[in-house]
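Novice: Curious how this folds, go ahead:
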Amino acid sequence: MKNEEKNLRLYPKYRPLSRDFLFFYTINVLFLTQIKKIDMASVVLIDTFYALFIILCQIPATLIIEKIGRKRGVVLGNICNAIYLIMVINSTKLIQFIIAELICALAFSLKDIGEPSILHESIISSAVEKSNIFAKIQGNAVSGYYLLSAVSLILSGFLYEINGYIPLFLSLGIVIITILMSTRFEEINVPNDEQKNEETSIKEAIKFSIKSKRCRSLLIYSAVFYGVISVLATYEISLLENLGLASKYIGISFAVLNIVSAISSRKQYLFQKKFKNRTLSVIGIFLSLSIIASSGITLLEFNLPIVLIIIFSMYIIKYIAVGLYNVLLIKYLSNFTNSKIDTKIFAVNSFANSITSVVLGLFASKLLKLMPITNAMFTFGIFSLVVMIITLIYMKNKVGLEPNKYSSYELKYDSKS
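Specialist: Presented below is the predicted three-dimensional model:
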């Protein structure tokens, strides 16, 4: 019991620091183009390789965690991130940056599988409120990340102007702290009589993910939602730049938006209490409508201040949806799972998300070649709304049911069964 309690206390302190590269990810494009003299086409190529490496690293990362355990897998992931930053600081050639992206992809594959699994297994399986406890701790952790991200969004730009390497060294320092913190996690082992001959293979986990209507529906929804917000990470900034908004104001705007996500992730239980089993439907539709409204307003002849106010309002809705998604999706995926399969379900989810991100990224890139950013974003918004509606129709009567409404196969890995 002491090990579980230790993990539950450590996780919300650790996760905000480990979720992303604070200080660096906001200026990485500037660093590569201005400091390292990498042309923009090559930067896009580097990002594409990262997305492909994430896909390729899912099975190896799962096997590594299966072999060395969740804790050591997470520690290894943080070490790989430190190596990645050191390589970025010292690299000068394109091939070196691509190799660094491979190491980074392996790092986040290990962490995205191992970290939520450590939290999931640290909550006693007999607890009736396990799902709610998981969501609360995950929500606090994600909220903490968004608050730190907001601070780093503002500071990194000013620090970059002083010296382009300062944000990287700050990021490296934070990664070193996460390495030390991750060594303090305790490995939670299932009882020996449960371990014998009951380890679920990756093949069986993939089969379950496909055959289980509930799990399959959640994975499809997650992939669609993740793919859309991955595209928006570029579209949103490009739209504001196209309107002539200064970069410093863009940075401040997204710092505020990260605070919005922090609040929504922390208060996710209020949203779920109101909408219950319609929660995913509501945030999915809101996400798509916010894209259409924020880009559509630029096609009308309104004054710039009015346009910016409406865009920012729509961005707020989008960031509320993202904050909720980052907590609730993992919560729903962890329901009805135990230590035999949870890490593999997280791996399948990451795999599906990465594939959709690549596909939608290529589609979004093609749109930008055919039309201006305002038209491209509006078209993408219509497309995402249609896909989201189809996904939600497919999910109907498969997700959000009472436990006794699911088949015995759906509850095969229920930790409380």
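Novice: ok, Ser212 to Ser407 distance?
Specialist: 9 Å (C-beta to C-beta, to the nearest Å). Backbone N, C-alpha and C define where each C-beta goes, glycine included.
Novice: ok, the two, which is more surrounded?
Specialist: Between Ser212 and Ser407, Ser212 has the larger neighbour count (other C-beta atoms under 10 Å), namely 22 against 10.
Novice: Pull the contacting residues for that one.
Specialist: By C-beta atoms under 8 Å, 6 or more residues apart in numbering, Ser212 lies in contact with Tyr409, Glu410, Lys412.
Novice: For the second one, which residues are in contact?
Specialist: In this case it means Glu410. Glu410 makes contacts with Ser212, Lys213, Arg214, Cys215, Phe336, as judged by C-beta under 8 Å, 6+ apart.
Novice: closest to Phe53 among the residues you listed?
Specialist: Cys215 (25.3 Å; C-beta to C-beta).
Novice: quick one: that closest one from Ile345, how far?
Specialist: Distance from Cys215 to Ile345, by C-beta to C-beta: 7 Å.
Novice: hey, what's in contact with both of those two?
Specialist: Taking C-beta under 8 Å, 6+ apart as the contact rule, Cys215 and Ile345 both touch Phe208, Ser209, Leu333.
Novice: Am I right that the second one is in contact with Ala347?
Specialist: No: counting by C-beta atoms under 8 Å, no contact exists between Ser209 and Ala347, whose distance comes to 9.7 Å.
Novice: Leu308: neighbour count?
Specialist: Neighbours of Leu308 under the rule other C-beta under 10 Å: 18.
Novice: before we move on, which element is it in?
Specialist: Following DSSP states H and E, one finds Leu308 within helix 304-334.
Novice: and that helix, what's its mean pLDDT?
Specialist: Here helix 304-334 scores 90 as its mean pLDDT.
Novice: between the shared contacts of Cys215 and Ile345, which is closest to His120?
Specialist: Leu333 (9.5 Å).
Novice: residues contacting the closest one?
Specialist: Counting by C-beta under 8 Å, 6+ apart, Leu333 touches Cys215, Leu218, Leu219, Ser222, Ile345, Phe346, Asn349.
Novice: go on, Ile202?
Specialist: Ile202 is in contact with Ile59, Thr62, Leu63, Lys344, Ala347, counting by C-beta under 8 Å, 6+ apart.
Novice: and with 10 Å instead?
Specialist: Contact partners of Ile202, counting by C-beta atoms under 10 Å, 6 or more residues apart in numbering, are Gln58, Ile59, Thr62, Leu63, Glu66, Ile341, Thr343, Lys344, Ala347, Val348.
Novice: can you redo those as TSV with secondary structure?
Specialist: Compiled in TSV, the contacts of Ile202 are given as follows (DSSP: H, G, I helix; E, B strand; the rest coil):
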residue	secondary structure
Gln58	helix
Ile59	helix
Thr62	helix
Leu63	helix
Glu66	helix
Ile341	coil
Thr343	helix
Lys344	helix
Ala347	helix
Val348	helix
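Novice: Narrow these to just the buried residues.
Specialist: Gln58, Ile59, Thr62, Glu66, Ile341, Thr343, Lys344, Ala347, Val348 (16 or more other C-beta atoms under 10 Å).
Novice: Any idea which of these the model trusts least?
Specialist: Thr343 (76).
Novice: domain parsing for the chain?
Specialist: 1-187, 201-397 (automatic domain parsing).
Novice: Closest one to Ile306 out of the contacts of Ser212, please.
Specialist: Glu410 (49.2 Å).
Novice: what are the phi and psi values for that closest one?
Specialist: Per-residue torsions, Glu410: phi -60, psi -30 (degrees, to the nearest 10).
Novice: what's the answer for Lys267, then?
Specialist: Per degrees, to the nearest 10, the backbone of Lys267 is at phi -100, psi 20.
Novice: quick one: contacts for it?
Specialist: Going by C-beta under 10 Å, 6+ apart, the list of residues near Lys267 reads Gly139, Ser143, Ile320, Gly323, Leu324, Val327.
Novice: For Gly227, grab the count of nearby residues.
Specialist: Gly227: 24 surrounding residues under other C-beta under 10 Å.
Novice: next one: the one 4 residues further on
Specialist: The burial count assigned to Val231 is 23, neighbours taken as other C-beta under 10 Å.
Novice: That one against Ser384, yeah?
Specialist: Yes: assessed by C-beta atoms under 10 Å, Val231 is found in contact with Ser384 at 8.3 Å.
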